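> Return a 3D structure for these sequence lines:
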Amino acid sequence: MNVPVSVADPDKNIADPYRRLSASQMVTWQACPRLWYYNNILKLRGPLPPQIIRGNAAESCISRVMRDSPSLVSKESDDILKSPILDDGNPAYDFDELWPSPSIQPLDESEWPKDRASLEEWAMARVDAHFGGCWDDAVKEWESLTNRVGESSHADMSECRMMVENGIRMHIDQVEMCLNNVSNELLESWRQGGNRPEWPSPDGFPLLWTEPHPCAMPAGDEVTWTESWEISRPWFVDPDADSFTQTTSHPEGWFQGEYDLVYRWTGKPSVIDIKASQGKGDRSGGYIEQLRLYAWLWWETHGRIEELESLGIWYLGPGIVKEVVKPTPVELEKYSHELKGLYSKIHASRPSLTDCPTTPSPLRHFESGGVPADPPTDSDHMARCKTCDLRGICENGNYELDLPSHTRIERFGHSWPITMIADINTRVDATGTVSDLRGPSLDEKGGVELSFRLQDGYDRAKVRTSRYGSPSNVTRSISNGSNVRIRDAIPSVWRGEVVLDMDSESSVDLAGEADVHPIVEIETRINVIGRIWSVNAFPDGQGVSRWSVTLVDSSGTAGVIAFKQFIPVLAAGLSRGDEIAILNGEVGEFNGLKQVKIGPNTRVVSVRTSEDVPEF
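Residues are numbered from 1 along each chain as shown. Model (predicted):
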């Protein structure tokens, strides 16, 4: 099969697409469950340094050189094998006429590389052609991130260029192994236009292509270096495609990943992970587990029949390939059981803080190339906590953050009472009489769709199913005129009317005589003060039209969001660490996280800048 991209089986999919496990999440969970909770539930993620530029530029450049063909693309050519991309970011596989390679005139055979030295010379010339653009694109992408830290000038361009060259040499090692070991059956099939995988490597040709390649030699001839380059080309994410368009998903949808390189020329797949690093430090231990999880994911997505031939990490810094031991059949089965159990615990339902204990794993030490150091782990069992980005938030951290705990603030000639984030109540109960009932009806996931007016004396509220889920616990006796109690609804105000959104956490029961929860007592407005932990979104004039930050005070964390005309003018000058007050904000909730919404009468004011308080 050798299919590196797959989607969940619609008949088996049990997962919310926004609540899946991934290899990186698993690595974080194994490092410390509490760190996973802070990152994925409370959305407390550290800022992104400029070193990200190096990794993105290196991988993009290596991919583009691999896509090039030494029989079609000259040393000095531009990027002439760009893939046609649809509006949704996917390669245009259904439009054969848009692909460039079939219409390109092959180079004269005298220009084709004849040995390793000439192939490497051609490949390095292609690095020259691609690297500048890849670097500029990576810088632009990083500078578009709202949660970045540092300056792009801190990323070492020459170091990245050296890493790219190392990566190309490691690929040429594969080309040479293919030259010396490719099976005659595969070679002759390829020469006739056969053996194109169901999901081919990006090469400028359409998805379905059975014509012989221009560099194919006559049957029986010795394999050439140009043929070996084409045959050995691994699958990789198309460098022109949008992010996350070429991932692979567990058949049930609850685990998702993306391979870097999949070599297939031996007849069996091998997965390589590219790391633009020296391979030192604790992260190298996580890379090993990540690759083993990819071996498991490949097995799961190939009917639990096809296993990988090998696993490896390319450390581009030293130019070293680290072999990784594959999971055994017993370990593959164990992964399936344990990962499904963990998914059920932390994604199928919302975990609590106590479900994610502060149990950090030992901090590992590695030398260059991912070689375990001596000793392999730190003698201090709490060493991981000392450098953790969340040490000022976590109970295990020995680091005191300067976080606000105000109860009142004077602004605009008025004294505003301040609510601590931990005391924000995003769920309310309400009682009243039903009118204008629409529904109920069952949705495809077993939830109940309905809407109605809830009348309580002179007060009323609009009750409706949330866009993000529907209640399953709704009394069968509901009808116009019945008295009901709504539990755990999310309140808001729209055009002066109270709105109660119900999701999977909400319920509707018949009200008893003792059930009294007046609509008039529902509070939808709030004042909070906190420091900005991260800027998650800022309008870019294209697809993003919101401002979103994560706010922390001494009691907890909440999201803050504003759309379009309600984005405060002050937002453009705010950054990580600044302390702000949200006055007359609207209480909300998104994906279980407390939220403060900024509306027409909300004010955002600066209390202290990041320069006035100790850094995070």
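
> For Val544, which residues are in contact?
Applying CB atoms under 8 Å, 6 or more residues apart in numbering, we find Val544 in contact with 537-538. All C-beta spots, glycine's among them, are computed from the backbone N, C-alpha and C.

> mind checking the SS state of it?
coil (DSSP: H, G, I helix; E, B strand; the rest coil).

> residues near Gly279, how many?
22 (other CB atoms under 10 Å).

> and Leu342, helix, strand or coil?
helix.

> Which pLDDT value does the model give it?
Leu342 carries a pLDDT value of 94.

> Quick check, it in contact with Thr28.
No - look at Leu342 against Thr28 with CB atoms under 8 Å: they stay out of range, at 12.0 Å.

> Could you list the domains of the protein?
1-46+248-388, 48-246, 414-421+525-612, 426-521 (automatic domain parsing).

> Quick one: end-to-end distance for the third one.
End-to-end distance for domain 414-421+525-612, by CA to CA, to the nearest Å: 24 Å.

> What count of nearby residues applies to Leu510?
13.

> before we move on, what about Ile274?
20.

> So it: helix, strand or coil?
Applying three-state DSSP: Ile274 is strand.

> Touching, it and Ser60? I think so.
No - taking contacts as CB under 8 Å, Ile274 lies outside contact range of Ser60: 10.7 Å.

> Am I right that Val127 is in contact with Cys61?
Yes - the pair Val127 / Cys61 is scored as a contact, 6.4 Å apart, by CB under 8 Å.

> Centre of this protein to the edge, which residue is at the far end?
Glu513 (49.5 Å; CA atoms, centre = their mean).

> just checking, next helix/strand downstream of the longest helix belonging to the chain?
Longest helix in the chain, counting residues (DSSP state H): helix 116-143. Where DSSP states H and E defines the elements, the next helix or strand beyond helix 116-143 is helix 157-181.

> what comes up buried for that next one?
157, 160-161, 163-168, 170-172, 174-176, 178-179 (16 or more other CB atoms under 10 Å).

> next one: stretch 49-60
For stretch 49-60, using 16+ other CB under 10 Å, the buried residues are 50-60.

> Quick check: phi and psi at the residue positioned nearest the centre of the chain.
Residue closest to the mean C-alpha point of the chain, counted by CA atoms, centre = their mean, is Phe244 at 7.8 Å. According to degrees, to the nearest 10, the main-chain angles of Phe244 amount to phi 70, psi 20.

> that older thread, relative to Arg485, how far out is the residue farthest from the centre of the chain?
11 Å (CB to CB, to the nearest Å).

> for Ser74, same thing?
Note on Ser74: its distance to Arg485, by CB to CB, is 76 Å.

> Pro4 now?
52 Å.

> These two: who's more crowded?
Pro4 (25 against 19).

> residues in contact with stretch 473-485?
So stretch 473-485 is contacted by 429-437, 440, 448, 450, 452, 454, 506-512, 515, 517 (CB under 8 Å, 6+ apart).

> switch to 10 Å and redo it
Contacts to stretch 473-485, defined as CB atoms under 10 Å, 6 or more residues apart in numbering, come from residues 429-437, 439-440, 447-450, 452-456, 463, 465, 486-488, 502, 504-513, 515-517.

> just the buried members of those?
429-434, 437, 440, 447-448, 450, 452-456, 463, 465, 486-488, 502, 504-509, 511, 517.

> Give me the subset of those lying in strands.
429-434, 437, 440, 448, 450, 452-456, 463, 465, 486-488, 502, 507-509 (DSSP state E).

> Show me where the stretch 201-350 of the chain has its strands.
Taking DSSP state E, counting those that start in this stretch as the criterion, the stretch 201-350 of the chain carries its strands at 248-249, 256-257, 261-263, 270-275, 310-315, 320-324.

> How about the stretch 501-616 of the chain?
Counting by DSSP E, counting those that start in this stretch, one finds strands in the stretch 501-616 of the chain at the ranges 507-510, 525-537, 546-552, 557-563, 579-590, 593-597, 603-608.

> Dump these into a markdown table; add distance to Tyr93 and mean pLDDT as well.
Putting the strands of the stretch 501-616 of the chain into a markdown table (distance: least, CB to CB, whole Å; pLDDT from 0 to 100) gives the following:
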| stretch | distance to Tyr93 | mean pLDDT |
| --- | --- | --- |
| strand 507-510 | 47 | 96 |
| strand 525-537 | 31 | 95 |
| strand 546-552 | 33 | 95 |
| strand 557-563 | 36 | 95 |
| strand 579-590 | 35 | 95 |
| strand 593-597 | 38 | 94 |
| strand 603-608 | 47 | 96 |
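
> Between these, which one is closest to Asp79.
The minimum distance between Asp79 and the strands of the stretch 501-616 of the chain falls on strand 525-537, with 31.1 Å, by CB to CB.

> thinking again about what came up before, what's the separation between the residue nearest to the centre of the chain and Ser69?
On the measure of CB to CB, Phe244 and Ser69 end up 27 Å apart.

> swap in Gly204?
7 Å.

> Span of stretch 562-578 from start to end?
OK, stretch 562-578 end separation, CA to CA: 17 Å.

> Counting neighbours, which bits of it end up buried?
Buried residues in stretch 562-578 (16+ other CB under 10 Å): 562, 566-568, 571, 574, 576-578.

> wait, Cys385 sits on Pro362?
No - the pair Cys385 and Pro362 fails to qualify as a contact (CB atoms under 10 Å) at a distance of 11.5 Å.

> Those two: which has the busier surroundings?
Between Cys385 and Pro362, Cys385 has the larger neighbour count (other CB under 10 Å), namely 21 against 18.

> Tell me who's in contact with the nearest residue to the more buried one once chain neighbours are set aside.
Among residues not flanking Cys385 along the chain, Asn396 sits closest, at 4.9 Å (CB to CB, 6 or more residues apart in numbering). The neighbours of Asn396, taking CB under 10 Å, 6+ apart as the test, are 32, 34-35, 357-360, 382, 384-386, 388, 390.

> And what about Asn396, helix, strand or coil?
Asn396 is classified as coil under three-state DSSP.

> where does it land on pLDDT?
Model confidence at Asn396 (pLDDT) stands at 86.

> Would you quantify the distance from it to Leu403?
In terms of CB to CB, Asn396 sits 17 Å off from Leu403.

> next one: Gly369
41 Å.

> Which of the two has more residues huddled nearby?
Leu403 (20 against 17).

> before we move on, the earlier item: looking at the strands of the stretch 501-616 of the chain, spot the one closest to Trp299.
strand 593-597 (34.6 Å).

> Perfect, that will be all.
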